[in-house]
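Engineer: Below is the sequence, then the predicted model.
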Amino acid sequence: MRLAYFYTSQMAESRAKELAVIKRKIPKIDSAFSRAIKDLAPCTFGLEKPDGTHYQSLVRAVIAQQVSTAAARTIGNRLKIKCGGSINPARVGKLSLKQLQSVGLTGAKVRTLDELTRATLSGDINFRRFPYLSDEEIIAELIPLFGIGRWTVEMFLIFQLGRLDVWPVDDLAVRRGWDVLHNNSEPIKPKALNLLGEQFVGMRSVVAWYCWRAS
């Protein structure tokens, strides 16, 4: 199930059933996940309404790149104040590059937000289309923007769109969690983890969730 642009309680009910089935499947494929699924917090992708708009989610992701959680929160709050209380393309688009930089954004992040905002306002990026696009189609649409790489879009797909089959092998915490669960003596490489993930096709976001929790 792909989450629509507008979230409904029926979607949450359907997703809860999907996750229950997946939780039973994963240990049958790889017993190393048995204890993690039993002991760790359950996966909640798609069970709650997304936190803000898709645009706001990407703005937060850009702000959070290479800074602490506290710093990202501070910068986000400053930007919100600059925008008059609501971060949206129309309001961000009215800010000058100097005003954007004044909230604590680096020059590179200012360029990223500027490109993202322009693309959203022009319709080059239409978030309402996203429920009908595949993961790879969304990745292909967003990564041409300066400063938005595959990992950023993967996090957007998982946490904002609730996509269930994203496998972020470049995420250090995912690899570390995999190593912990499998008692690996040597850190697993992204290429090797990508191949191992093929056995979980259709549920790789949930596998990543438990790797994160185990890391």
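Structural biologist: Thanks, I have the structure now.
Engineer: which residues in the protein form helices?
Structural biologist: For the chain, applying DSSP state H gives helices covering 9-29, 34-39, 54-64, 69-82, 89-93, 97-102, 107-122, 135-142, 150-155, 172-182, 190-196, 204-214.
Engineer: packing partners for the second one?
Structural biologist: Spelled out, it's helix 34-39. For helix 34-39, the packing partners by 3 or more Cβ pairs under 8 Å, 6 or more residues apart in numbering; DSSP states H and E come out as helix 9-29, helix 204-214. Bear in mind the C-beta positions are built from the backbone N, C-alpha and C, glycine included.
Engineer: Buried ones in it, by neighbour count?
Structural biologist: Within helix 34-39, the residues that qualify as buried are 36-37, counting by 16 or more other Cβ atoms under 10 Å.
Engineer: what is the mean pLDDT for that helix?
Structural biologist: The average pLDDT within helix 34-39 is 95.
Engineer: And for the first one?
Structural biologist: pLDDT averaged over helix 9-29 equals 93, rounded to a whole number.
Engineer: Where does pLDDT dip in this structure?
Structural biologist: Counting by pLDDT under 70, the ranges of the chain that qualify are 1-7.
Engineer: returning to that earlier point: quick one: which of the helices of the chain is nearest Leu47?
Structural biologist: Across the helices of the chain, the minimum distance to Leu47, taken as Cβ to Cβ, is reached by helix 9-29, at 5.3 Å.
Engineer: ok so, going back, give me whichever of the helices of the chain is most buried.
Structural biologist: helix 204-214 (a mean of 23; mean count of other Cβ atoms under 10 Å).
Engineer: Name the residue closest to the centre of the protein, please.
Structural biologist: Met155 (1.8 Å; Cα atoms, centre = their mean).
Engineer: Name the nearest residue to that residue, sequence neighbours excluded.
Structural biologist: Nearest in space to Met155, with sequence neighbours left out and distances taken as Cβ to Cβ, 6 or more residues apart in numbering, is Ala61 at 6.1 Å.
Engineer: Against Ser215, how distant is the one you found?
Structural biologist: 20 Å (Cβ to Cβ, to the nearest Å).
Engineer: could you list every residue that touches Leu47?
Structural biologist: By Cβ atoms under 8 Å, 6 or more residues apart in numbering, the contact set of Leu47 is 12, 15-16, 19.
Engineer: Switch the residues you listed over to JSON lines; also include distance to Arg73.
Structural biologist: JSON lines is the format used below for those (distance: Cβ to Cβ, whole Å):
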{"residue": "Ala12", "distance to Arg73": "27"}
{"residue": "Arg15", "distance to Arg73": "28"}
{"residue": "Ala16", "distance to Arg73": "30"}
{"residue": "Leu19", "distance to Arg73": "29"}
